[in-house]
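**Student:** What follows is a predicted structure for the sequence shown.
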Number of protein chains: 2
Amino acid sequence: MPLKDMLSDVIAGVEGALSVMVMASDGVAVAEVTADGAAFDLQLISVEYATVLKEIRRTVEVIHAGELEEVCVTTDRLRAIMRALNDELFAVLILSREGNIGMGRHRLHLKSFELARELT
Amino acid sequence: MPLKDMLSDVIAGVEGALSVMVMASDGVAVAEVTADGAAFDLQLISVEYATVLKEIRRTVEVIHAGELEEVCVTTDRLRAIMRALNDELFAVLILSREGNIGMGRHRLHLKSFELARELT
């Protein structure tokens, strides 16, 4: 299945999903799919969250918490679910504040194996 | 209800909960409760995650995502759920990898209003 179709599959099943992408650890998008009508600066979000993920990776190393798997950030406007695919790539799902975060985590987790296989 | 009892209430209802604390934004613990048998360096965790939360607060400001509410980090050994109580304080719940993150988020969310009231 092409990468874009895999990503479309993720947001198709999740209420409130605005965008999903695969990005490198420096925040540069490898592929992205945005829902109709979603209007925000995805590039800015990916670069900024890449910095956060780098900081969290450093932190879990310092506290000996093992390998980073997933980070979720909720604000009063957006939800972001970020999953490590491998040492270099992350899948990032952006939802509206009212979006279904449980379903989002589930779909992204399921799809992450397929995405990692496709990109390795 | 005393602060320690409120915190004990949070971990009592959550499978796999190891520790819960209220910390200032510099990582210094205001109060903490650790489950029997949980052995890890809570002070190191709080200081390190405080740095992460600072970075995430800066990020959500840059991307205009609104006010930070909650951050969840899952590694292959631990889960951490962090909730902003106000501009200065966070509640942090640490679970084992197999802990019930859904129940943890729910209990911490419910209790956060009470904690914020108590500490304001």
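**Tutor:** Perfect, thanks for sending it. Numbers count the residues shown, from 1 in each chain, chains lettered A, B, ... in the order given.

**Student:** Look up which residues are beta-bridged to the residue positioned nearest the centre of chain A.
**Tutor:** Taking CA atoms, centre = their mean, the centroid of chain A lies closest to A:Val92, which sits 1.0 Å from it. Here A:Val92 shows beta-bridge partners A:Met21, A:Met82, assigned using DSSP bridges.

**Student:** And the helices in chain A?
**Tutor:** A:3-12, A:42-62, A:101-119 (DSSP state H).

**Student:** Rounded mean pLDDT for the second one, please.
**Tutor:** When the per-residue pLDDT values of helix A:42-62 are averaged, the result is 93.

**Student:** what residues does that helix touch?
**Tutor:** Outside helix A:42-62, the residues that touch it by CB atoms under 8 Å, 6 or more residues apart in numbering or on different chains are A:19, A:21, A:23-29, A:32, A:34, A:65-68, A:71, A:73, A:80, A:82, A:90, A:92, A:94, B:44, B:48-49, B:51-52, B:55-56, B:59, B:62-63, B:65, B:73, B:75. (Glycine included, C-beta is placed from N, CA and C.)

**Student:** Spell out which residues of chain A are next to chain B.
**Tutor:** A:40-41, A:44-45, A:48-49, A:51-52, A:55-56, A:59-60, A:62-78, A:80, A:97, A:102 (CB under 8 Å from any CB of the partner chain).

**Student:** Now, of those residues, which are buried?
**Tutor:** A:40, A:45, A:48-49, A:51-52, A:55-56, A:59-60, A:63, A:65, A:68-75, A:78, A:80 (16 or more other CB atoms under 10 Å in any protein chain shown).

**Student:** Most tightly packed of the helices of chain A?
**Tutor:** helix A:42-62 (a mean of 19; mean count of other CB atoms under 10 Å in any protein chain shown).

**Student:** Out of the helices of chain A, flag the one nearest B:Arg117.
**Tutor:** Within those, the stretch nearest B:Arg117 is helix A:101-119; the backing value is 25.7 Å (CB to CB).

**Student:** Now do that closest one and helix B:101-119, the angle between them.
**Tutor:** 130 degrees (axes from the mean of the first three to the mean of the last three CA atoms, to 10 degrees).
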